[in-house]
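>>> 3D, please:
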Amino acid sequence: MFLELRRQGHDVVSQHAFDAEAFELSADLPVLHTFHLPPLIPAVVDAARLVEPHRLAAVSQSSRDDWERAGVQVGQILPNGVPEQTLDHDEVQALGLIAGRLSPEKGVEDGVAAAIGAGLQPLVVGAPYDPGYTPDLRGADRVGPLDRSELRRLMGRCAVTLVPARWEEPFGLVAAEAQMAGCPVAGYRRGALPEVVEEGVSGFLAAPDSIEDLSRAARACRALDRRAVRRSAQRRLALAPCVSRYERALAEVAGR
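Model (predicted):
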């Protein structure tokens, strides 16, 4: 791929890969690298330390802080954006949605327990990700992976989306998509979720790893105005401002 880039010529590359080779093989190219994961892999961290800060971006201030604690200076914060979608205005059901890959750091079991504690029927949407992990989904309804538009329509019918992250979530795209669909978010107060959720307007956050507090947050979410939830997302999480931020950052890397 990098040989082909050099052969064809280009102005700038927006790169989202997460492996050391992505940094090493593009060292002489005008590349903007975006981190979508924490500094989990030593080889990636070592390679990223050699990149000029203005060519590195994080998707949240929280993620940037994590990378800088690992010794990587990150020059840009480029939060993700979510496209708007026409909603069906279906009747909201007493469902607590937990969506995403089924892996330990996503806290699916905490979400199921918290939904039940809040008087909601848990609905788990996602595909197995970690072959060594089988979550206990007793008491929950289960749906396989959905495409983004189907998931957003489902979010529009669910009372609350639960985001019980058990790691420092770099952004929280599910939380952003839920709010854009007018569905309030109850999540653990960790990682970037305090940046993605406008607490008291588009959701409530709970003490990390406290299922009881997460249930409290989910119950509180049901009193929020779903139109205000969507307006909050449109103001903070829309796709167009995200694209504009990338255009400015890419122009800087390209030297324009």
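>>> Okay, buried residues for the lengthiest helix in the chain please.
As assigned by DSSP state H, the longest helix anywhere in the chain is helix 239-254. Judged by neighbour count (16 or more other CB atoms under 10 Å), helix 239-254 contains these buried residues: 242, 245-246, 249-250, 252-253. Placement of C-beta: from N, CA and C, glycine included.
>>> give the contact list for the closest residue to Ala249 other than its chain neighbours.
Nearest residue to Ala249, sequence neighbours excluded (CB to CB, 6 or more residues apart in numbering): Gln76, at 5.1 Å. With contact taken as CB atoms under 8 Å, 6 or more residues apart in numbering, Gln76 is in contact with 32, 54, 56-58, 249.
>>> what residues does the helix or strand harbouring Arg219 touch?
Element membership for Arg219, per DSSP states H and E: helix 211-221. Applying CB under 8 Å, 6+ apart, the contact partners of helix 211-221 are 96, 110-111, 113-115, 117-120, 159-160, 162, 164, 184-188, 203-207.
>>> Closest to Val174 out of the contacts of Gln76?
Ala58 (18.5 Å; CB to CB).
>>> burial measure for the nearest residue to that closest one once chain neighbours are set aside, as a count.
The spatially closest residue to Ala58, leaving aside those adjacent along the chain, is Arg64, at 3.9 Å (CB to CB, 6+ apart). Arg64: 22 surrounding residues under other CB atoms under 10 Å.
>>> Just list the residues touching Arg64, thanks.
58, 74, 77.
>>> likewise Val12?
Val12 neighbours (CB under 8 Å, 6+ apart): 30-32, 250-251, 253-254.
>>> Pro30 and His54, how far apart?
Per CB to CB, to the nearest Å, Pro30 is found 11 Å from His54.
>>> what do these two both touch?
In contact with both Pro30 and His54: Val253, using CB under 8 Å, 6+ apart.
>>> just checking, what packs against the longest helix of the chain?
The contact analysis (3 or more CB pairs under 8 Å, 6 or more residues apart in numbering; DSSP states H and E) places helix 239-254 against strand 31-35.
>>> Kindly export the strand it packs on (C-alpha atoms) in PDB.
Provided in PDB are the C-alpha atoms of strand 31-35 (Å, rounded to 0.1, in the frame of the first residue of the first chain):
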ATOM      1  CA  VAL A  31       0.400  11.400   7.200                       C
ATOM      2  CA  LEU A  32      -2.100  12.300   9.900                       C
ATOM      3  CA  HIS A  33      -2.400   9.300  12.300                       C
ATOM      4  CA  THR A  34      -5.600   9.100  14.400                       C
ATOM      5  CA  PHE A  35      -5.600   7.000  17.600                       C
END
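>>> From the rest of the structure, what touches it?
12-18, 22-23, 48, 51, 55-59, 63, 67, 74, 76, 78, 170, 246, 249-250, 253.
>>> Sort out for me which of those are in strands.
Using DSSP state E, the members of the contacts of strand 31-35 that fall in strands are 13-15, 56-58, 76.
>>> Now tabulate the residues you listed in TSV and tack on pLDDT.
Putting those into TSV (pLDDT from 0 to 100) gives the following:
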residue	pLDDT
Val13	94
Ser14	96
Gln15	96
Leu56	97
Ala57	98
Ala58	98
Gln76	95
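>>> Can you tell me which of these is nearest Arg142?
Ala58 (33.3 Å).
>>> can I assume the closest one is in contact with Leu78?
Yes. Between Ala58 and Leu78 a contact is recorded at 7.5 Å, counting by CB atoms under 8 Å.
>>> Comparing the two, which residue is more hemmed in?
Counting neighbours by other CB under 10 Å for Ala58 and for Leu78 shows that Ala58 has the greater number, 26 against 19.
>>> can you pull the contacts of the more buried one?
Contacts of Ala58 were listed using CB under 8 Å, 6+ apart, and they are 34-35, 64, 67, 74, 76-78, 170.
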